[in-house]
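>>> Fold the following, please.
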Amino acid sequence: MPELSRPVVASVATVLWVAIAVVFAACDSGSDCVAGPCDSTGADGPAPVIAGFPSARAFAGVGRLAPGDSITLYAIRVASPQDPCVGADTLRSNVQWGVSNPVAATVAPLPDGGVRVRAVAAGNFEMLMREGVSGAPSAALDTKIVFTCPAGLTISSIGVSP
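A predicted model of the protein is given here:
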């Protein structure tokens, strides 16, 4: 493998730092909210997040389930410093649920506004949730971070393995 010169390495490092700065600026978008849950409109108001994944099944930012496991998750509206696992408002209507990989898991909306997620087969998936807009959620627009409870950590994906 050819060795990269110092100017090439420095240029790549500069591009990466600029990209990171843009991401942080985009997340902040004029509000005081820098780390989630942030209101996607740029306001400081409460934002819908997904909560309820069992903390004991989360490792290094990834949730783990076995085929046949079921969990219940909820869409919770919280402001930035609040813990979505305690005393939060649960969204009860006009919430659409989905998963990015329906081969690995299925979802069944519940009458109380939550969703029953069932692991079906080996694979990885992300949770999709949309509030206030009809139609199926899309992986491009509606992928959400999931808060684990009671620890309040976050996971970005869920893996299903035997």
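>>> got the residue ranges for the strands in this protein?
47-54, 58-59, 62-65, 70-78, 89-90, 95-99, 105-109, 115-119, 123-125, 127-131, 143-144, 146-149, 154-155, 157-160 (DSSP state E).
>>> show me what contacts residue 94?
With contact taken as C-beta atoms under 8 Å, 6 or more residues apart in numbering, residue 94 is in contact with 131-132. All C-beta atoms are positioned from the backbone trio N, CA, C, and that covers glycine.
>>> before we move on, back to that, what's the least confident stretch among the strands of the chain?
Of all these, the minimum mean pLDDT falls on strand 89-90 (a mean of 70).
>>> Skipping its backbone neighbours, what lies nearest residue 136 in space?
residue 98 (6.0 Å; C-beta to C-beta, 6 or more residues apart in numbering).
>>> Surely the one you found is in contact with residue 141?
No: the pair residue 98 and residue 141 does not pass the contact test of C-beta atoms under 8 Å, sitting 11.1 Å apart.
>>> Look at those two and report which has more neighbours.
More crowded of residue 98 and residue 141, by other C-beta atoms under 10 Å: residue 98, with 21 against 10.
>>> Now the strands of the chain in a markdown table, please, with extra columns for distance to residue 137.
Below are the strands of the chain laid out as a markdown table (distance: least, C-beta to C-beta, whole Å):
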| stretch | distance to residue 137 |
| --- | --- |
| strand 47-54 | 11 |
| strand 58-59 | 22 |
| strand 62-65 | 18 |
| strand 70-78 | 11 |
| strand 89-90 | 18 |
| strand 95-99 | 4 |
| strand 105-109 | 10 |
| strand 115-119 | 11 |
| strand 123-125 | 13 |
| strand 127-131 | 4 |
| strand 143-144 | 8 |
| strand 146-149 | 14 |
| strand 154-155 | 18 |
| strand 157-160 | 16 |
